[in-house]
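Chemist: With the sequence up front, the predicted model follows.
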Amino acid sequence: MSKKLLRLLAVLLALSLVAAACGGDDDESVEPPPPAPAPAEAPSPPEPAEEPAAPGTIVEVAVESGAFPTLVAAVQAAGLVDVLSGDGPFTVFAPTEDAFAAALAALDMTAADLLANTDLLTAVLTYHVLPLAAPAELVLTLDGQAVTTVGGSDITITIDGDTVMVNNATVVTADIAASNGIIHVIDTVLLPPAPAEEPEEMADEPQEAAPAPAPPPSEAAEEPEEMADEPAADDMDDEPAAPGTIVEVAVESGAFPTLVAAVQAAGLVDVLSGDGPFTVFAPTEDAFAAALAALDMTAAEVLANTDLLTAVLTYHVLPLAAPAELVLTLDGQAVTTVGGSDITITIDGDTVMVNNATVVTADIAASNGIIHVIDTVLLPPAPAEEPEEMADEPAADDMDDEPAAPGTIVEVAVESGAFPTLVAAVQAAGLVDVLSGDGPFTVFAPTEDAFAAALAALDMTAAEVLANTDLLTAVLTYHVLPLAAPAEVVLTLDGESITTVNGADITVTIDGDTVMVNNATVVTADIAASNGIIHVIDTVLLPPAG
């Protein structure tokens, strides 16, 4: 029904434009023809009637092309026609119809739902508009740069060969000219980040914030207080007082588009709409953006990898209702997730940590459980069986689609999916090119649990460590030997010290079948790479001071 409605709207818009044009011609035809000298000027009237070569405004170009009916309908519904018909200049990243269809499916909304939500529409549409003219030749100079939109949030430009990306969207057509700017066509709807102020206000009033997901993001900061006084009146006349399921609350809030898209892509909607009870630790949009950057993956790549999605998402869900008052009693405790792996709760004053993530908003109520908002995506530990299989068959049964020869140390680490924090650290320290070089190198790669324990011991967040490039470089290079040292060589080094790329020494100790590097135990040996070897260890090695 929504597509038919949109086609009808497009036809009506086109008819209205034709009618307007015809009306103008009728008004001019009533006027008497010009006097006798008109033959010399006769050619001039037809030229305006045939339209000059110059294009119309951005809105006119979009309407006349017929390619953007949903975008045009959205601009009209949001009351932005006059703005985008103004002097500008503007640059509009215009999503295709397929892009809108995918976004509606991800948000579990119909076109009618979207067009009726003017606040959400305005936030999304203004995130697609730059307050300047940015032709392709300018965009191509902005690789890695953030540009502020009319909505006030930044988009990021990435160039890879001939491919131009805007956040996670690809530019499929560039430089459609308009009299007041430029249109570039993109294949994905851009979703703006959630407002930074909202979690803090909700954190101050956690119980009042629980019903708040229904309003759009722009109203969310003010409505919780009003709803606390009048919980089911002015803003929810047609909604029952009780909140919906966890999925419904997440969708209606508008604050978790990536999480919602991930839940849908992983096929977990029915599970999280079930009786429960569940507790969901919901990462913010900024958390997902940081995780994607750390994993060097696009949102599309993650959404297409259902096994990875399921493992990550179920690591954010507890099979019980755990309100803040219960969580506050779990300092230092491990709790088993729906995915089967444990998360650890840490309390420090008013700060509640789940592994390395901080709870920024607590106790958002749902009919089948509770949502706590966190600032970091939780990455589950690698399956215990996987490293052993890799040690026996490093590039065979589990990597049927990969070539027999392994990639570089960096490529092997990325492709395995078992070392997201290590990969993020190598990227942040600028060591990708070094560890992709000829080598040979031997890398002692800490597990995710090892990194989590090190961060806790250092009382630092992952973000703080990744921002400290000097510390990162010192620690990472202390895990690298400037030679190939397979297990058969390491086993001959009991009690020996070996100099790392850092310049400081590590000491190897053998006790039966146990191989120690300083205070770390080797849990998996001899993962092959084209330029060296990876041994997995259970503790982060810290270089000596000074």
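Modeler: Thanks, I have it. Please read all numbers here as calculations on a predicted model, not as lab measurements.
Chemist: Tell me the secondary structure at Val147.
Modeler: The three-state label given to Val147 by DSSP: H, G, I helix; E, B strand; the rest coil is strand.
Chemist: That one contacts Ile157, doesn't it?
Modeler: Yes: checked against Cβ atoms under 8 Å, the pair Val147 and Ile157 is within contact range at 6.6 Å. Glycine gets a C-beta too; all of them are placed from N, C-alpha and C.
Chemist: Of those two, which one has the most company?
Modeler: Ile157 (20 against 16; other Cβ atoms under 10 Å).
Chemist: Show me where the stretch 201-350 of the chain dips below the pLDDT cut-off.
Modeler: The model of the stretch 201-350 of the chain has pLDDT under 70 over residues 201-241.
Chemist: try 50 this time
Modeler: Counting by pLDDT under 50, the stretch 201-350 of the chain shows low-confidence ranges at 201-237, 239.
Chemist: That one: strands as residue ranges?
Modeler: With strands called from DSSP state E, counting those that start in this stretch, the stretch 201-350 of the chain shows them at 278-283, 317-318, 334-336, 342-348.
Chemist: and of those strands, who's closest to Leu328?
Modeler: strand 342-348 (6.3 Å; Cβ to Cβ).
Chemist: Can you check what angle separates that closest one from strand 278-283?
Modeler: If you take axes from the mean of the first three to the mean of the last three Cα atoms, to 10 degrees, strand 342-348 sits at 70 degrees to strand 278-283.
Chemist: what's strand 342-348 in contact with?
Modeler: Outside strand 342-348, the residues that touch it by Cβ atoms under 8 Å, 6 or more residues apart in numbering are 281, 315, 327-328, 330-337, 352-355, 378, 452, 456.
Chemist: got it, and stretch 142-158?
Modeler: With contacts defined as Cβ under 8 Å, 6+ apart, stretch 142-158 is touched by 90, 93, 122-123, 126-131, 134, 139, 159, 164-167, 190, 192-193.
Chemist: do stretch 96-111 as well
Modeler: Residues outside stretch 96-111 that contact it (Cβ under 8 Å, 6+ apart): 1-3, 5-6, 67-71, 73, 95, 114, 169, 172, 185-189, 191, 247, 251, 257, 260-261, 264, 269.
Chemist: so how far is it from its chain's centroid?
Modeler: Centre-to-centre, stretch 96-111 and its host chain are 17 Å apart (Cα atoms, centre = their mean, to the nearest Å).
Chemist: Stretch 467-475 now?
Modeler: Worked out by Cα atoms, centre = their mean, stretch 467-475 lies 25 Å from the chain centre.
Chemist: now do stretch 351-370
Modeler: 19 Å.
Chemist: How about stretch 479-494?
Modeler: Remark: stretch 479-494 is offset 39 Å from the chain centroid, using Cα atoms, centre = their mean.
Chemist: Check which residues of it are buried.
Modeler: 479-481, 485, 490, 493 (16 or more other Cβ atoms under 10 Å).
Chemist: in the stretch 251-400 of the chain, which spans are helices?
Modeler: All helices of the stretch 251-400 of the chain, identified by DSSP state H, counting those that start in this stretch, fall at 257-265, 269-272, 285-295, 299-304, 306-314, 324-327, 385-392.
Chemist: Go through the ones you listed and name the closest to Thr421.
Modeler: Among those, the nearest to Thr421 by Cβ to Cβ is helix 285-295 (7.5 Å).
Chemist: Remind me what the closest one packs against, helices and strands.
Modeler: On a contact count with 3 or more Cβ pairs under 8 Å, 6 or more residues apart in numbering; DSSP states H and E, helix 285-295 meets helix 257-265, helix 299-304, helix 420-428.
Chemist: now these as CSV including distance to Asp538 and mean neighbour count?
Modeler: Shown next, in CSV, are the helices and strands packed on helix 285-295 (distance: least, Cβ to Cβ, whole Å; neighbours: other Cβ atoms under 10 Å):
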stretch, distance to Asp538, mean neighbour count
helix 257-265, 29, 23
helix 299-304, 27, 17
helix 420-428, 13, 22
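Chemist: what would these look like in JSON lines with distance to Val63?
Modeler: Shown next, in JSON lines, are the helices and strands packed on helix 285-295 (distance: least, Cβ to Cβ, whole Å):
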{"stretch": "helix 257-265", "distance to Val63": "28"}
{"stretch": "helix 299-304", "distance to Val63": "30"}
{"stretch": "helix 420-428", "distance to Val63": "44"}
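Chemist: nearest to Ala290, of those helices?
Modeler: Of all the helices and strands packed on helix 285-295, helix 420-428 sits nearest to Ala290, with 8.8 Å by Cβ to Cβ.
Chemist: after the closest one comes which helix or strand?
Modeler: Sequence order places helix 432-435 as the next helix or strand after helix 420-428, per DSSP states H and E.
Chemist: Which helix or strand lies directly C-terminal to that following helix?
Modeler: Following helix 432-435 in sequence order, the next helix or strand is strand 441-446 (DSSP H and E).
Chemist: I appreciate the help and will end here.
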